[in-house]
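Student: whatever this is, show me its structure:
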Amino acid sequence: MSGEAVAASCHCDPCPRDDTENKGLHLSRPPVPIRHGGTKPRTAWLGPVARLTWKSLQFKPFYNMKPLSEVDREKAGNQKIPKLTELLELAQKGKKSVMFDLNAPAPRHFHRSSYVCHVVSVILDSKIEQHLMFWLPGFDREYVRKRAPGFQQVGQLFSIERLTKENISRINVDYKRLFYSGLREYKAVNININLYIVNEPWLFSLAWCSSIHSVTTDNIQVLNEINHPYFFMAPSYYKFMWILMDCVSAVFIVAIFYFHWWRESQKEKLLQSTGIHKGKSEA
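Tutor: Residues are numbered from 1 along each chain as shown. As a prediction, the model looks like this:
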C-alpha cells in the first residue's frame, strides 16, 4: 500500500502521531469497493468503467491489450488495485483510523441506490473497530448513524449551527481556508479540523502552528520526518510578513517598470533635441 493520501496528525505538541488512512473508493461489478488513486492512470479512471467485473479490473483492465515487455510486466506486478477489505485489514492491524471519499456510481448503475448500504456492510463485516472509521460521505448519513453508531462522523465546512445540529465534531477542509480566518471560530467550539491536501513542509508547519488537528497528504514520507515546525512564528506574524513581502515585491516590480519607462522617455527627449539641433545647423 502506497503512502498516497495519508492523513498524518500535526498536533503542536511533540507527541506520537495517530495516522489516518484517507482513500477514495469506487464500486466494481460485483460490488467490490476498490480504492483509486488520483495520480495513477491505471486506477484513476474507474468511474467510466464501473460496470467491469473485479476480475477484469485485476487482470485485464482494458480490451485488446498488447503483450507487455518484461520491464512493464515486472512494474505492473508490483501494482495492485486494492479492495476496501484489504485497506481495513491493514488499518486494523496497525490500529489506524480510516477516512475515505465514497464516489457514487453512475445514475443508471445497478448499485446506485444501495452503494452506501453495501460499503457499510463491508466495513462491519471486516471487524475493524468502529471508532477507527471516520465517515466522510454525507449521503445517507442518518442510515449510517443507525447502522454503525460507533463511526466518527466527519463533515465539510458547514456552519457551526449545522454541525452542532447534526452532531458533527470533525470537519474536512481545503487548506486554502486556513489563510482567510485561521478557522478560529471552529477551533473555539472544539471542532477538530483536517486539512487537505498538504504536501509541502512549510504548509505543514503553518498548519501545526495554527493548532490544526490533522492533515491529508500525498507526501507522507517527507512530512513524517518533521518533528517540529520549520519556523517559530505566530500565524498572525507569519501572515503579516507574507503580506509585507508581497507588498515589497509589488513595489519593486512597479519601480522596475517605472525605471524602464523613464529611460525610454529620456531617450526620446534626447533624440528630439538632437533632431532640433540638426535642423538649426542646416538652416
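Student: under the pLDDT cut-off, which ranges of the stretch 51-200 of the chain? List them.
Tutor: Filtered on pLDDT under 70, the stretch 51-200 of the chain yields the residue ranges 51-65, 68, 79-81.
Student: can you map out the strands along it?
Tutor: 97-102, 133-135, 152-155, 170-174, 192-196 (DSSP state E, counting those that start in this stretch).
Student: grab the most central residue of the chain for me.
Tutor: For the chain, the residue nearest the mean C-alpha position is Ile197 (2.7 Å; CA atoms, centre = their mean).
Student: that residue contacts Thr216, correct?
Tutor: Yes. With contacts counted by CB atoms under 8 Å, Ile197 reaches Thr216, the gap being 5.5 Å. Placement of C-beta: from N, CA and C, glycine included.
Student: break this structure down into its domains, please.
Tutor: As given by automatic domain parsing, the domain ranges for the chain are 6-232, 235-283.
Student: how many other residues sit next to Lys66?
Tutor: Applying other CB atoms under 10 Å, we find 6 residues neighbouring Lys66.
Student: with Phe100 instead?
Tutor: 21.
Student: beta partners of it?
Tutor: Taking DSSP bridges as the rule, Phe100 bridges to Lys23, Trp135.
Student: look up how far Phe179 lies from it.
Tutor: 26 Å (CB to CB, to the nearest Å).
Student: same deal with Leu124?
Tutor: Distance of Leu124 to Phe179, computed by CB to CB: 39 Å.
Student: tell me which other helices or strands the biggest helix by length in the chain touches.
Tutor: Criterion DSSP state H: the longest helix present in the chain is helix 235-282. Judged by 3 or more CB pairs under 8 Å, 6 or more residues apart in numbering; DSSP states H and E, helix 235-282 is in contact with helix 201-209.
Student: tell me the angle the helix it packs on makes with helix 235-282.
Tutor: 140 degrees (axes from the mean of the first three to the mean of the last three CA atoms, to 10 degrees).
Student: got the buried residues for helix 201-209?
Tutor: Leu203, Phe204, Ser205, Leu206, Ala207, Trp208, Cys209 (16 or more other CB atoms under 10 Å).
Student: distance from the chain centre to the very next helix or strand once past that helix, please.
Tutor: Once helix 201-209 ends, the next helix or strand along the chain (criterion: DSSP states H and E) is strand 214-217. Taking the mean of its C-alpha atoms, strand 214-217 sits 7 Å from the chain's own mean (CA atoms, centre = their mean, to the nearest Å).
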